[in-house]
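Q: the sequence and its predicted three-dimensional model are supplied below.
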Amino acid sequence: MTAESTGLGWPEQSDPTDQDLARGLGWPGAGPSPESAPSPVEAGVGETGVPRETAVHRVRTAADIVAEAANDTTGGLADPDTPIALEAAAAVRTHGLTGPPFPAPGSTRVMVVANQKGGVGKTTTTVNLAAALALNDLRVLVVDLDPQGNASTALGIDRHADIPSVYDVLVEGRTIDEAVQPVAVVPRLWCVPATIDLAGAEIELVSLVARESRLRKALTAHLQDGTRYDYVLIDCPPSLGLLTVNALVGGDEVLIPIQCEYYALEGLSQLLRNIDLVRAHLNPDLAVSTILLTMYDGRTRLAAQVAEEVRAHFGNVVLRTTIPRSVRISEAPSYGQTVLTYDSGSSGALSYREAAWELAVAGAPVTTAQAAMEEVR
């Protein structure tokens, strides 16, 4: 190496050995002139100046796959088993781009959404499952049996004191036909609303004859043709009083939403005891058919532990889908909507749609369910 150096402190490049050493130290060597330098393509470098092997490529997102599916003529995704393909398939079905219709049950399924603990997602689950089923060609009735009337609000139903409501059905003996209202934003969905009058129904029912079976009698009369609805979902108050007993006597199945926290598990045993009492004395056909895990936070170990315990204890009754905590789910009722109509592409809407699919497949006749599953595959 020559002794002389430039004023910048870089050694002069007098021979090939010096040039190689200089480059190894991070100093620019005397390379080829701009005129003789190879083009980026010839040098194996992209237009951005990054080598091809390290170039950053745009990630193919679920939104891209949804867009591709809209123009897909092959009837499916190239690799349907990858996690992103599964998520994209759910999004595609939610946006109505593809996917089979939900299978209908052999007869009307009357399901009671119950849990005496408050804040576990009973009303949210009721209205969003109802909307998901209705948006996929099934006919659904929601009976709002909670004096708070939140299910009616979420479905955009007017619930002032002068309208016929479930209170009139239970206490005054009016028919459901007089109280039922269609939901404007969701076709094939109807609601029997609750008003503030329902808060006093617990006391007024005490002195009435057959107080535990008044809702069952009204539903039987309303469903007498057997084809009016595919599903009836009854939203219960957070208690084990006469309103909840009426729901349990009037239904055939119980759907229990369970928040993924410890306190939600504490009250579950009491609810199951009450269900056993109703089955023994008032409704022998009642069964716990579905458990849905709600407010699941995948960042916490507690949520995973609660989910694991529930699945270990109840087995296949627990739906595979869990409902995550979602701001969109909380925002939707303030606009008089469900999350599926408010933001159909949100994680909450996708999850409720998938839960409704599981619910529909489980309640369909075996041949219909198998055909639906094959069509999905």
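A: Happy to help now that I have it.

Q: buried ones in the top helix by length along the chain?
A: In the chain, taking DSSP state H as the definition, the longest helix is helix 347-363. Going by neighbour count (16 or more other C-beta atoms under 10 Å), the buried part of helix 347-363 is 347-357, 359-363. The C-beta positions use only the backbone N, C-alpha and C, and glycine is treated the same way.

Q: then stretch 294-313?
A: Neighbour-count burial for stretch 294-313 [16+ other C-beta under 10 Å]: Thr294, Met295, Tyr296, Ala303, Val306, Ala307, Val310, Arg311.

Q: which residue, other than its chain neighbours, is closest to the fourth one?
A: So the one you mean is Ala303. Cys260 (4.0 Å; C-beta to C-beta, 6 or more residues apart in numbering).

Q: could you give the bridge partners of Asp144?
A: Asp235 (DSSP bridges).

Q: that one touches Ala154, doesn't it?
A: No: taking C-beta atoms under 8 Å as the definition, Asp144 is not a contact partner of Ala154, at 9.4 Å.

Q: coming back round to it: out of the buried residues of helix 347-363, which comes closest to Asn316?
A: Ala362 (8.9 Å; C-beta to C-beta).

Q: if I look at the closest one, how far off is Gly121?
A: When C-beta to C-beta, to the nearest Å is the yardstick, Ala362 and Gly121 sit 19 Å from each other.

Q: likewise for Ala247?
A: Distance, Ala247 to Gly121, by C-beta to C-beta: 17 Å.

Q: higher neighbour count, the two?
A: Shown here are Ala247 and Gly121; by other C-beta atoms under 10 Å, Ala247 has more neighbours (25 against 20).

Q: all strands of this structure, in order?
A: Ranges of strands in the chain, per DSSP state E, are 109-113, 140-144, 181-182, 189-192, 231-235, 253-259, 287-296, 318-324.

Q: so which elements touch the longest helix of the chain?
A: helix 83-94, helix 122-134, strand 287-296, strand 318-324, helix 327-331, helix 339-342, helix 366-376 (3 or more C-beta pairs under 8 Å, 6 or more residues apart in numbering; DSSP states H and E).

Q: who are the packing partners of the shortest one?
A: Other helices and strands packing on helix 339-342, by 3+ C-beta pairs under 8 Å, 6+ apart, are helix 122-134, helix 327-331, helix 347-363.

Q: do the fourth one as well
A: For strand 318-324, the helices and strands in contact under the criterion 3+ C-beta pairs under 8 Å, 6+ apart are strand 287-296, helix 301-314, helix 347-363.

Q: can you flag the weakest of those by average pLDDT?
A: Among the helices and strands packed on strand 318-324, helix 301-314 carries the lowest mean pLDDT, at a mean of 91.

Q: chain center to that helix: distance?
A: 18 Å (C-alpha atoms, centre = their mean, to the nearest Å).

Q: got the CA coordinates for it in CSV?
A: Below are the C-alpha coordinates for helix 301-314, written out as CSV (Å, rounded to 0.1, in the frame of the first residue of the first chain):
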residue,chain,number,x,y,z
ARG,A,301,-53.0,-16.0,29.8
LEU,A,302,-56.2,-15.8,31.8
ALA,A,303,-58.4,-15.8,28.7
ALA,A,304,-56.6,-18.8,27.3
GLN,A,305,-56.9,-20.6,30.7
VAL,A,306,-60.6,-19.9,31.0
ALA,A,307,-61.3,-21.1,27.4
GLU,A,308,-59.3,-24.2,28.1
GLU,A,309,-61.2,-25.0,31.2
VAL,A,310,-64.6,-24.5,29.6
ARG,A,311,-63.7,-26.6,26.6
ALA,A,312,-62.4,-29.4,28.9
HIS,A,313,-65.6,-29.4,30.9
PHE,A,314,-68.2,-29.0,28.2
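
Q: list the contacts of it.
A: The set of residues external to helix 301-314 that reach it, using C-beta atoms under 8 Å, 6 or more residues apart in numbering, is 258, 260-262, 264-265, 288, 291, 293, 296-298, 318, 322.

Q: dump the helices and strands packed on strand 318-324 into TSV; add distance to Ser239 as well.
A: TSV is the format used below for the helices and strands packed on strand 318-324 (distance: least, C-beta to C-beta, whole Å):
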stretch	distance to Ser239
strand 287-296	18
helix 301-314	22
helix 347-363	25
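
Q: any stretches of the protein with poor pLDDT?
A: For the chain, the stretches flagged by pLDDT under 70 are 1-99, 225-227, 367-377.

Q: so which residue is dead centre in it?
A: Centroid-nearest residue in the chain: Tyr352, 1.9 Å away (criterion: C-alpha atoms, centre = their mean).

Q: so who does that residue touch?
A: Going by C-beta under 8 Å, 6+ apart, Tyr352 touches Thr125, Asn128, Leu129, Ala131, Ala132, Ile323, Val339, Leu340.

Q: circling back: how about the strands of the chain in TSV, adding distance to Ala210?
A: Output for those, formatted as TSV (distance: least, C-beta to C-beta, whole Å):
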stretch	distance to Ala210
strand 109-113	18
strand 140-144	18
strand 181-182	26
strand 189-192	19
strand 231-235	18
strand 253-259	21
strand 287-296	23
strand 318-324	34
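
Q: Tyr335: which of these is closest?
A: Comparing those by C-beta to C-beta, strand 189-192 comes nearest, at 16.3 Å.

Q: name the helices or strands packed onto that closest one?
A: Using 3+ C-beta pairs under 8 Å, 6+ apart: strand 189-192 touches helix 122-134, strand 140-144, strand 181-182.

Q: check contacts around Asp144.
A: By C-beta under 8 Å, 6+ apart, Asp144 lies in contact with Asn150, Ala151, Ser152, Val166, Cys191, Val192, Pro193, Ala194, Asp235.
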